[in-house]
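Trainee: take this sequence and fold it.
(4 chains)
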Protein chains: 2
Amino acid sequence: MATRSHAWSRDERLAVLRRCPLFAPWPEARLADLAAIARVEHYPRGTEIYAHEPERREAFVIASGEVEVSRGSAAGKKFVLGINGPCEILAIVRLLEAPPIHYDYRAYEDSVLLHLPTRDLTAILDADPILWRDIALLMCARHGDSLRLLNDHNLGSLDQRMAVTLADLARIHGIAGENGTELGLRLPQEQLGAMLGVTRQSVNKLLRGFEDAGLIAVDYNRITIRNPAALDLIAARQD
Amino acid sequence: MATRSHAWSRDERLAVLRRCPLFAPWPEARLADLAAIARVEHYPRGTEIYAHEPERREAFVIASGEVEVSRGSAAGKKFVLGINGPCEILAIVRLLEAPPIHYDYRAYEDSVLLHLPTRDLTAILDADPILWRDIALLMCARHGDSLRLLNDHNLGSLDQRMAVTLADLARIHGIAGENGTELGLRLPQEQLGAMLGVTRQSVNKLLRGFEDAGLIAVDYNRITIRNPAALDLIAARQD
DNA sequence: GCGGGTCTGTCATCCTGCCGACAATCTGCT
DNA sequence: AGCAGATTGTCGGCAGGATGACAGACCCGC
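Mentor: So this is what the prediction gives:
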């Protein structure tokens, strides 16, 4: 599944960790410990990172690329929780002995990941327990994100949710690529539908409306944000 | 808003904290510290605990009673995240300087709460930082809960969601009250609708179906679980 | 036991998004 | 150039839930 293109040097792994907001403030010695336990893997676009492996106890950091977090149903439907960019740490919930939920991870673009076995990670944290504080605060933030999503699904209208999602994706993609005045997202409408919990047809109609309003441009496999400010305005609208 | 029925003794406050799964394993000295910062308040059924106070930086522990966590929209709709019973710690996300989301808290039954100002709480945690570990793991669990909810809303059918919700409420209520063979919940259909994100009419029709199937009994202001096993079966069904 | 507030049962109507289908278009590869 | 696969544009029919309305039942306090 994963192809190790080349073994990264310890310094390269350190550099990646230093760029992560979570790890950046940590003492050098701890970063070195992390670098020591990190396993580098390269995943080409579309590859599964781990799917259907509820047992696997590894968190990972995105060194480069984009990773889709999703969950399938027996009926063949798929719900995409989000697409994450560089410097994010994922699967952190697997710190728990029995993770309360299991997601599938897939490389949405060519990606390089640093795998951190939770066993080794907790050992490092226990050695310098104030670091648990950072983990706790990170989890608070994550929890807030999912609650916001839950609220949007229950209280917000569909066009609003789409505006929020597009703005989020633009922000993540802005980190991954260079940011010009206009931002093009490689994003099939079906994918967007899976994030919003609706069908591609519904997405298509909505996108059309947004395009007519001059907010975005819709092309094959591509959505370009033309007016981010107006998008944010819709996203923030109170119903 | 809150009426302090009587000032609880330090030992009474300690006893409450000791019953919480989160705090129970903590050293005596820390529990004493917590008891020292805890402010006891009593809220009659229906009272707002804090609503529309995004600035307030206090977590709280439910000593007794039940607390509804909800969020309103400008359109007058309300989404109820859940109803929590004794020994739960709520508003923990306010440990963050800038909480990412704000919920309203209301006493669903007569309740006694221990308020813990986050400023004092973090001081205690920082003094014995391994305790942050427990907070981090708690947040992982909470995060998992909200993710599960999010998934149910996106992938599951409505009857399934209702089965899950009823089972959850029964579990919480089983802690609050005594558990006979049959469990009656004081639960207006509108309330259930607010938890599921649907109208009371839709809930009514569904409840009727469940009642016909012998799963529950529906009375005025009351839903009685008759066949918990069958309910769990629906909840666990894979679509 | 009376009255106001709350909750339930039920209906007809509307609307949003789903489903299935099909043609057209684009991309990447040979 | 040509082909296979993926993506888009679009339609009509359909279903589930929203909405608004109204009557009736229930509870609690006076």
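Trainee: which of the three states applies to residue A:45?
Mentor: coil (DSSP: H, G, I helix; E, B strand; the rest coil).
Trainee: neighbours of it, how many?
Mentor: Using other Cβ atoms under 10 Å in any protein chain shown, residue A:45 has 13 neighbouring residues. In short, each C-beta sits where N, CA and C put it, glycine included.
Trainee: same check on residue A:200?
Mentor: Neighbours of residue A:200 (other Cβ under 10 Å): 15.
Trainee: the one 5 residues further on now?
Mentor: Using other Cβ under 10 Å, residue A:205 has 10 other residues around it.
Trainee: the helix or strand containing it near chain B anywhere?
Mentor: Per DSSP states H and E: residue A:205 is located in helix A:200-212. No - Helix A:200-212 does not reach chain B (Cβ under 8 Å from any Cβ of the partner chain); its nearest approach is 13.8 Å.
Trainee: from what I can see residue A:35 touches residue A:15, true?
Mentor: No - between residue A:35 and residue A:15 there is no contact under Cβ atoms under 8 Å: 9.3 Å.
Trainee: and those two? Which one has more around it.
Mentor: Neighbours per residue (other Cβ under 10 Å) separate residue A:35 from residue A:15, with residue A:35 holding more: 21 against 14.
Trainee: check which helix or strand that one maps to.
Mentor: Residue A:35 belongs to helix A:28-37, assigned by DSSP H and E.
Trainee: do residue A:109 as well
Mentor: Residue A:109 belongs to no helix or strand, assigned by DSSP H and E.
Trainee: shouldn't residue A:24 be in contact with residue A:18?
Mentor: Yes - shown here, residue A:24 and residue A:18 form a contact pair, counting by Cβ under 8 Å, at 5.8 Å.
Trainee: could you verify my assumption that residue A:34 touches residue A:22?
Mentor: No - contact between residue A:34 and residue A:22 fails when scored by Cβ under 8 Å: they sit 10.4 Å apart.
Trainee: those two - which one has more neighbours?
Mentor: Taking neighbours as other Cβ under 10 Å, residue A:34 and residue A:22 compare with residue A:34 leading, 22 against 17.
Trainee: got the contact list for the more buried one?
Mentor: A:17, A:23, A:26, A:116, A:121, A:124 (Cβ atoms under 8 Å, 6 or more residues apart in numbering or on different chains).
Trainee: take those and keep only those in strands.
Mentor: residue A:116 (DSSP state E).
Trainee: in terms of secondary structure, what does the helix or strand bottoming out on mean pLDDT in chain A contact?
Mentor: The helix or strand of chain A with the poorest confidence is strand A:183-186; it has a mean of 86 (mean pLDDT, DSSP states H and E). Packed against strand A:183-186 by the contact rule (3 or more Cβ pairs under 8 Å, 6 or more residues apart in numbering or on different chains; DSSP states H and E) you find helix A:158-176, strand A:222-225.
Trainee: quick one: is the helix or strand following it near DNA strand D?
Mentor: Heading C-terminal from strand A:183-186, the first helix or strand you meet, by DSSP H and E, is helix A:189-196. Yes - counting by Cβ under 7 Å from any atom of the strand, DNA strand D is contacted by helix A:189-196 at A:189-190.
Trainee: and helix A:189-196, anywhere near chain B?
Mentor: No - residues of helix A:189-196 contacting chain B under Cβ under 8 Å from any Cβ: none, with a closest distance of 8.9 Å.
Trainee: between that helix and helix A:158-176, how big is the angle?
Mentor: 110 degrees (axes from the mean of the first three to the mean of the last three Cα atoms, to 10 degrees).
Trainee: that's all I had, so thanks and see you.
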